[in-house]
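Asks: Just need the structure, nothing else, for what follows:
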Amino acid sequence: MDNVRVFLWLALLGMGWLTYTAWNADYGAAPRTRAVDTVPATPQTGAATGDVPSLNPGSETAAQPPAVTAQPAVATGELIRVQTDVLDVGIASQGGDMVRADLRQYAVHKDMPEPVVRLLSDTGPERWVFQTGLTSAVGGAEPNHRATFRSASNEYTLAPGQDELVVTLDWVGEGPISARKTYTFRRGRYDVGLTLTVTQNAGGSWRGAPYVQMERVHVPVERSYLSVDSYSFKGPVLYDGESFERITFDDLARAPITQTVQGGWFAAIQHHFLGAAVPPRGDVYRYDAATRGAAFVLTAIGPAADVTAATPLNATFTLFVGPKLQEQLQSVGSDLERTVDYGVTTALAQPLFLVLNWVHGWVGNWGFAIIIVTIMIKAVFYKLTAMSGRSMAKMRKIAPRMKALQERYKDDREGLSKAMMELYKREKVNPAAGCLPILIQMPFFFAFYWMLVESVEMRQEPFALWIDDLSARDPFFVLPALMAAAMFFQTRLSPAPPDPVQARMMQIMPLVFAGLLIFFPAGLVLYQLTNTALSILQQWRINSIVARESST
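Replies: Here you go, the predicted structure:
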């Protein structure tokens, strides 16, 4: 096997794989979420935006799918402001729900503290709100997300030294029940506890079910090769207790989803950030997903329960609105960290991130952590790549003899092939061994790519000198230029291709590869540059050893 030809084919396959993933992200159909005990969805029509989920006749554990017609947004009334060290949240008095959320520690642009990233918003072209409450099974007034709630104050702030902030809103409504929403914010956390409480005021009983709903206007991402960030999935996701599925907006518009599961959750995700709702893990909830005009609506409604003076109803949800910090996500919901979507490289990228995060805890710099992890990977595969490098050194040594054979058998391809095989056997050279370093390197290359693109921990993180954001491209293209130079030097240590066409391809390959890396994250180019530099040092040492052995 010709080493150069294999290298070119593998590079072509790699670029083809990237092209396929980009195409699939744009046009591929997302797998449908597996339904458990499903009930056929029967969308209503003509309802207003923010419809309250209702209990199905004969099944008091499930909500009707949201309506599919778009209407103007409902007014939110007064806004109650809640500030923690990481969140600046607005809770609307009408509904008592979070309708605005700013991430105080995440700026939209590097080195510009304002504006910060805003996820939830009840206004603008990308409306995104939570809607929570209780729906009645007996009729009458109910404390749903269209009702009015009142709080003791319109301003709440997590004070220095305070670890927890509790915000309580009471339902302003007439009826035999009292209802309350209690939010719990914690220092440094993006998960917010929400407890819905219903108590009986007088004799008799009331029956109802808690629900949590999310509505977001879908604005498609315009994909561009100049922005690797644009290839992250943006849209709704559902988790059924076992499997995590992304759902494209178009698929959801064609076929709304209804499923009844235990231990599930739903979320809306985008690059680096998400909003999610996690119902109690032990209860069976019905999940509905549908579109409403330009928006998608995700709903989870729990089992109906009787409320008496002796048995109040308490339902606790966890709402997450913030960056995809994997340590926090793991503590919030089952497999919620899978919203950090590494795609088909998850099996390799996930443990790589854990190692990288551990190293970062020691060195405090993600760039140096990438270099150290690259060295660790190289050390693990050192023996394997050394065998390949030794074979390449021997190939380089016998290159003049191979050229002589080509001259002798230039008109006899069969004779040339036989003579070269005898030469390989006599010199104990395995020409296929040169493929091994490439086969080892490519999976790590793709895993590092998705890890750098998807991991918010490295968003806007500096390395050194001019590299002020490892998740973005090198602003001056210095690293790609160094990568091209390193690859060119690496080719000088490899055996020269006997075919002039292949030799010319090897000369321009560093420039082609550097061109591909120009718009890739600087952290990925740093990994590749470090790996190439280590490979050069290893091959140079092996070549020296083989040269000394041949001279003795």
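
Asks: from here on, contacts and neighbour counts on C-alpha atoms
Replies: OK.

Asks: tally of neighbours for the nearest residue to Glu215 once chain neighbours are set aside?
Replies: With sequence-adjacent residues excluded and distances taken as CA to CA, 6 or more residues apart in numbering, Glu215 is closest to Val297, at 4.5 Å. Val297: 26 surrounding residues under other CA atoms under 10 Å.

Asks: hang on, Val297 packs against Ala267?
Replies: No: in this structure Val297 lies outside contact range of Ala267 using CA atoms under 8 Å: 10.3 Å.

Asks: Give me the neighbour count for Val512.
Replies: Val512: 12 neighbours (other CA under 10 Å).

Asks: now do Ser417
Replies: For Ser417, the tally of surrounding residues (other CA under 10 Å) stands at 14.

Asks: on that earlier part again, what's the pLDDT at the residue nearest to Glu215?
Replies: We have a pLDDT of 96 for Val297.

Asks: Thr318 too?
Replies: 95.

Asks: Remind me which helix or strand it belongs to.
Replies: Following DSSP states H and E, the helix or strand that holds Thr318 is strand 313-323.

Asks: Can you give the distance of the following helix or strand past that strand from its chain's centre?
Replies: With elements assigned by DSSP H and E, the helix or strand that comes after strand 313-323 is helix 326-332. Relative to its parent chain, helix 326-332 has a centroid offset of 13 Å by CA atoms, centre = their mean, to the nearest Å.

Asks: who does the helix or strand following helix 326-332 touch, helix- and strand-wise?
Replies: Downstream of helix 326-332, the first helix or strand assigned by DSSP H and E is helix 346-363. Contacts defined by 3 or more CA pairs under 8 Å, 6 or more residues apart in numbering; DSSP states H and E place helix 346-363 against helix 366-380, helix 436-454.

Asks: how does it look with 6 Å?
Replies: With contacts taken as 3 or more CA pairs under 6 Å, 6 or more residues apart in numbering; DSSP states H and E, helix 346-363 sits against helix 366-380.

Asks: Show the average pLDDT along the helix it packs on.
Replies: 90.

Asks: So for it, what gets flagged as buried?
Replies: Along helix 366-380, these residues count as buried under the neighbour rule (16 or more other CA atoms under 10 Å): 366-375, 377-378.

Asks: Let me have these in TSV, adding distance to Val355 as columns.
Replies: Shown next, in TSV, are the buried residues of helix 366-380 (distance: CA to CA, whole Å):
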residue	distance to Val355
Trp366	12
Gly367	14
Phe368	13
Ala369	9
Ile370	10
Ile371	12
Ile372	10
Val373	7
Thr374	11
Ile375	12
Ile377	11
Lys378	14
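
Asks: In space, what's closest to Arg216 - neighbours in sequence excluded?
Replies: Distances taken as CA to CA, 6+ apart place Trp128 nearest to Arg216, at 4.2 Å, with adjacent residues excluded.

Asks: where does that neighbour land on pLDDT?
Replies: Trp128 is assigned a pLDDT of 95 by the prediction.

Asks: what number of residues lie near it?
Replies: For Trp128, using other CA under 10 Å, the count is 26.

Asks: which strand residues sit across from it in the sheet?
Replies: As for beta bridges, Trp128 partners with Ser121, Arg216 under DSSP bridges.

Asks: Any figure for the gap between it and Ala267?
Replies: 12 Å (CA to CA, to the nearest Å).

Asks: With Leu511 instead?
Replies: 42 Å.

Asks: Ok, Glu215 next?
Replies: Using CA to CA, one gets 10 Å for the distance from Glu215 to Ala267.

Asks: One more: Ala315?
Replies: For Ala315, the distance to Ala267 - CA to CA - is 19 Å.

Asks: Looking at those two, which one has more neighbours?
Replies: Neighbours per residue, other CA under 10 Å: of Ala315 and Ala267, the larger number sits with Ala267, 23 against 19.

Asks: got the contact list for Leu134?
Replies: When contacts are counted by CA atoms under 6 Å, 6 or more residues apart in numbering, Leu134 touches 143-144, 209-210.

Asks: Tell me the pLDDT of the residue lying closest to it once chain neighbours are set aside.
Replies: The spatial neighbour of Leu134 that comes closest, neighbours along the chain excluded (CA to CA, 6+ apart), is Pro210 at 4.3 Å. At Pro210, the model reports a pLDDT of 95.

Asks: next SSE after the helix or strand harbouring Pro210?
Replies: Element membership of Pro210 [criterion: DSSP H and E] is strand 206-217. As assigned by DSSP H and E, the chain's next helix or strand after strand 206-217 is strand 235-239.

Asks: What pairs with the helix or strand following that next one, parallel or antiparallel?
Replies: Going down the chain from strand 235-239, the next helix or strand is strand 244-246, by DSSP H and E. Using DSSP bridges, strand 244-246 pairs in its sheet with strand 235-239 (antiparallel).

Asks: Just the CA atoms of the partner strand, as PDB, please.
Replies: The C-alpha coordinates for strand 235-239 follow below in PDB (Å, rounded to 0.1, in the frame of the first residue of the first chain):
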ATOM      1  CA  GLY A 235     -34.400  23.900  18.700                       C
ATOM      2  CA  PRO A 236     -36.500  21.600  21.000                       C
ATOM      3  CA  VAL A 237     -35.300  18.400  22.600                       C
ATOM      4  CA  LEU A 238     -37.100  15.700  24.500                       C
ATOM      5  CA  TYR A 239     -35.800  13.100  27.000                       C
END
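
Asks: Quick one: mean pLDDT over that strand.
Replies: 93.

Asks: contact partners of it?
Replies: So strand 235-239 is in contact with 245-247, 264-269, going by CA under 6 Å, 6+ apart.

Asks: can you give me the helices for this protein?
Replies: With DSSP state H applied, the chain shows helices at 3-27, 249-254, 326-332, 346-363, 366-380, 382-397, 399-408, 413-427, 436-454, 478-493, 500-517, 522-551, listed in chain order.
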